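> with the sequence up front, the predicted model follows.
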Amino acid sequence: MSFDTTQNPLAGVGQINPGEKPADVHPPVRPAVFADRARRFDALAAGHALGDYLRLLGRISALQHECLRDHPAVALPTADALARALEFSMPPVPVTGWPRDPAWRTHLKHIVAGLRTDATPAVAAVLDAIDAADEAELERLADAVLAADYAVEGAAGRLPLIAAALQVYWTHMACAPELAGLKRLDVDNVCPCCGSLPVTSVLRIGYEVANLRYLHCSICNTEWNLTRARCVSCGELQKISYRHIEGSQGSVRAECCEACHGYLKIVQQDKDPLVDPVADDLASLTLDLLVDEAGFERTGPNPLFIPGNTGEA
Amino acid sequence: MNVSRRGFFKVCAAGMSGSSLVAMGFAPTAALAEVRQFKLAHTTETRNTCPYCSVSCGLLVYSVGDGAKNTKAKVIHIEGDPDHPVNRGTLCPKGAGLLDFISSPARLKYPEVREAGTNEWKRISWDEAYARITRLMKDDRDANFIEKNADGVTVNRWLSTGFLAASASPSEAGYITHKVVRNLGMLAFDNQARV
């Protein structure tokens, strides 16, 4: 009796196929990306010291989901421009330089309107400030967010909402079939789709990507592969260590580099399958505070949280 | 990246009052108080190569301890390196059991000898071990070296001693091993450099 492997549903599972390596670049998962994030924020808010803050971020993510779901058609790079970007290893829709479609301001309006209903006085003041700003002002703030240059006087409250709207627009473009098949750039910590810095890295589970590390874009939610136990910022391979909060399950750790003294958090699906690269980052600001005290500097932003300017920048 | 720009991402207690969190009306007091209750745990992940066979699977070795003087680093877990092109994160049962190999009480950590006629292993120094191995190799080679075969053709064979080398060696070590062993005329030789 012969055993026919083509009839075996488990044939190939757990086997290494030397011909197939999972893609280096994964576009955002549509439509789930913001809806999953909203659920994760809500789940993390329960019993959290900053629970109300996380619930607000969950509301913002849910509104982002609505915007992405009903996103209008927008211009994408031409076939020529795309081919050129790939040839010269450049992001095809760079956050600095790409002519932004005004659709992002429609998202901003939707998010502001959505938050109005039960806004606290402080949130309402932020929403009023956005409503009062003219187009030029909003575009100026958008430039600041996209350049990850958050030192805009008096805008700390507004920038996360501007960022949320821009994330929807860029995520929509990153999901476009035309932009499928992007390759990693020559620089480790720059998004191959939009050229932004990563917010965190995520250790994935699943058949093909098990235990591989992907950097998650802080703007367009694209993920790209980077070798594990390697400094995201300077490429150091030897002097890497991890810090997590003692007694936690270790699903969020800070990957610290003793060479450049930078760190970026890594969220691990093998420890908690529901981790989200953005939500779990903001639910673990305590880890940032402790790692900062230990002498490491964060190397990637989370534009939904604008840290105060300490005057050292 | 622009290192000077990192200052803008700095999440610290001093910057909290000017953060978006406070601008949106939330009090960071509880979170800042929490910081005092928590401590950081320190772990590392180190790449290595499985020592068992010539496939030379990539490993990730997890350990705890910050390397400070009064603490001892301890290996807590070993798994296949998902980035390694040979094994893509997988390991065979022997490789998957490497943690027990490391903490095994029977693990060989230094040269030992069991003299003829005894059943006891005795610890010796590396110098003694090298001197002893070379002496035995030389005596055996002098006694058993075959210069010519039955037809009188020069063959320079040494068949009575064999050599087994390690899988985790780099190409250079494999090359040197090969040169040394073959120069002696040894034929029974596996330097595990097949892959």
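Cool, got the structure. Numbers count the residues shown, from 1 in each chain, chains lettered A, B, ... in the order given.
> all helices of chain B, in order?
Using DSSP state H, the helices found in chain B span residues B:20-23, B:29-37, B:93-96, B:98-103, B:126-144, B:171-183.
> let's have these in JSON lines, adding mean neighbour count, mean pLDDT and distance to residue A:50.
Just so you know, the C-beta spots here come from the backbone N, C-alpha and C atoms, and that holds for glycine as well. Listed next are the helices of chain B as JSON lines, based on neighbours: other C-beta atoms under 10 Å in any protein chain shown; pLDDT from 0 to 100; distance: least, C-beta to C-beta, whole Å:
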{"stretch": "helix B:20-23", "mean neighbour count": "23", "mean pLDDT": "94", "distance to residue A:50": "7"}
{"stretch": "helix B:29-37", "mean neighbour count": "13", "mean pLDDT": "87", "distance to residue A:50": "5"}
{"stretch": "helix B:93-96", "mean neighbour count": "13", "mean pLDDT": "93", "distance to residue A:50": "41"}
{"stretch": "helix B:98-103", "mean neighbour count": "14", "mean pLDDT": "91", "distance to residue A:50": "38"}
{"stretch": "helix B:126-144", "mean neighbour count": "11", "mean pLDDT": "97", "distance to residue A:50": "58"}
{"stretch": "helix B:171-183", "mean neighbour count": "13", "mean pLDDT": "90", "distance to residue A:50": "53"}
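> can I get the ones you listed in CSV with distance to chain A?
Below are the helices of chain B laid out as CSV (distance: least, C-beta to the nearest C-beta, whole Å):
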stretch, distance to chain A
helix B:20-23, 3
helix B:29-37, 4
helix B:93-96, 13
helix B:98-103, 16
helix B:126-144, 27
helix B:171-183, 19
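> nearest to residue A:28, of those helices?
helix B:20-23 (23.3 Å; C-beta to C-beta).
> from the chain's centroid, how far away is that closest one?
49 Å (C-alpha atoms, centre = their mean, to the nearest Å).
> stretch B:44-61 too?
7 Å.
> for the spatially most central residue of chain B, what are its contacts?
Nearest to the mean C-alpha position of chain B, by C-alpha atoms, centre = their mean, lies residue B:48 at 5.0 Å. Contacts for residue B:48 were tallied using C-beta atoms under 8 Å, 6 or more residues apart in numbering or on different chains; they are B:58-59, B:61, B:168.
> count of neighbours near residue B:14?
Residue B:14 has 13 neighbours, counted by other C-beta atoms under 10 Å in any protein chain shown.
> same check on the one 4 residues further on?
Residue B:18 is flanked by 17 other residues according to other C-beta under 10 Å.
> direction included, what does the helix or strand harbouring residue A:242 pair up with?
Using DSSP states H and E, residue A:242 maps to strand A:240-245. Looking at strand A:240-245 with DSSP bridges, its partner strands are strand A:252-257 (antiparallel), strand B:40-49 (antiparallel).
> buried sites along the last one?
Right, the one you point to is strand B:40-49. Residues of strand B:40-49 classed as buried by neighbour count (16 or more other C-beta atoms under 10 Å in any protein chain shown): B:40-47, B:49.
> so how far is that strand off the chain centroid?
13 Å.
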